[in-house]
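Trainee: Take this sequence and fold it.
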Amino acid sequence: MQSPQEVLKRLQAGNRRFVSERPTCAILSTEARRRELLEGQEPCAIILGCSDSRVPPEIVFDQGLGDLFVIRVAGNTAGPSQVSSIEFAVKKLGARLVVVLGHSSCGAVLAALEDLELPPRHRSPSLAPIVASFEDSVKSLPETERLQDSATLVRYAVRENIRRVVDQLRSDFGVFGRQVRRDELLIVGAEYSLETGCVDFFDDPVQPTGTEVARPQDP
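Mentor: Alright, predicted model coming up:
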């Protein structure tokens, strides 16, 4: 069984193939592979991603049938059903890497930000769970950032939301805290760029290993 760190490198390599237009996943999606999977599944990683049609994890990471356990929800939030799905994949399928995958120009983030500008009584009930998950993320941003144009605010909010979901899953009070502390489970955040196709992984929920969005200096 691959370690979580080895699986992470595998996903990084797959994304590089995707970006360079040299995918190999078709090789892993043959009839023989389908028959092999009839016996069961052992996905190498769990992806908690956004439902956006432009960010299909199997393609973005160049993985084949049975390689990824994918959970998709608008805004890549971690509500009870998502957490339960992750727990199932960890306990029953043996996955040891969780990637919280957000993406640039996220429509769910933008919709939540727009809804937050409305009085509570005028907010959309259907958007309430998403808005609630983003509200703390937006409030945590420095005032100078919240006053930027909408595109800048979305960029910051996307990154902050990824961090908060990772923190939520890693929390000592959560389902996975003990496994994370024992290095039995690795939970990382990542942001997919719609513009470049590159995935920027976070090695730490606070400070990403890739290129951080430049924050404006306070006056």
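Trainee: which stretches of the chain have low pLDDT?
Mentor: Along the chain, the model assigns pLDDT under 70 to residues 26-28, 134, 136-149, 203-219.
Trainee: 90 - rerun?
Mentor: Applying pLDDT under 90 to the chain flags residues 1-2, 23-36, 79, 107-157, 159-161, 164, 172-175, 177, 182-183, 202-219.
Trainee: buried set for the lengthiest helix in the chain?
Mentor: The single longest helix within the chain, with elements called by DSSP state H, is helix 150-170. For helix 150-170, the neighbour count (16 or more other CB atoms under 10 Å) marks 153-166, 168-170 as buried. In short, each C-beta sits where N, CA and C put it, glycine included.
Trainee: again, but for stretch 122-132
Mentor: Here stretch 122-132 shows 123, 127, 130-131 as buried, counting by 16+ other CB under 10 Å.
Trainee: From these, pick the one nearest Val70.
Mentor: Among the buried residues of stretch 122-132, Ile130 lies closest to Val70 (CB to CB), at 18.9 Å.
Trainee: Thought Leu101 was touching Val188, still the case?
Mentor: No: judged on CB atoms under 8 Å, Val188 makes no contact with Leu101 at a distance of 9.6 Å.
Trainee: Among the two, which residue is more densely surrounded?
Mentor: Between Val188 and Leu101, Leu101 has the larger neighbour count (other CB atoms under 10 Å), namely 27 against 23.
Trainee: where does the more buried one fall, helix, sheet strand or coil?
Mentor: strand (DSSP: H, G, I helix; E, B strand; the rest coil).
Trainee: Nearest spatial neighbour of it, chain-adjacent residues omitted?
Mentor: Gly49 (4.0 Å; CB to CB, 6 or more residues apart in numbering).
Trainee: ok, the one you found to Glu39 distance?
Mentor: Here Gly49 is placed at a distance of 27 Å from Glu39 (CB to CB, to the nearest Å).
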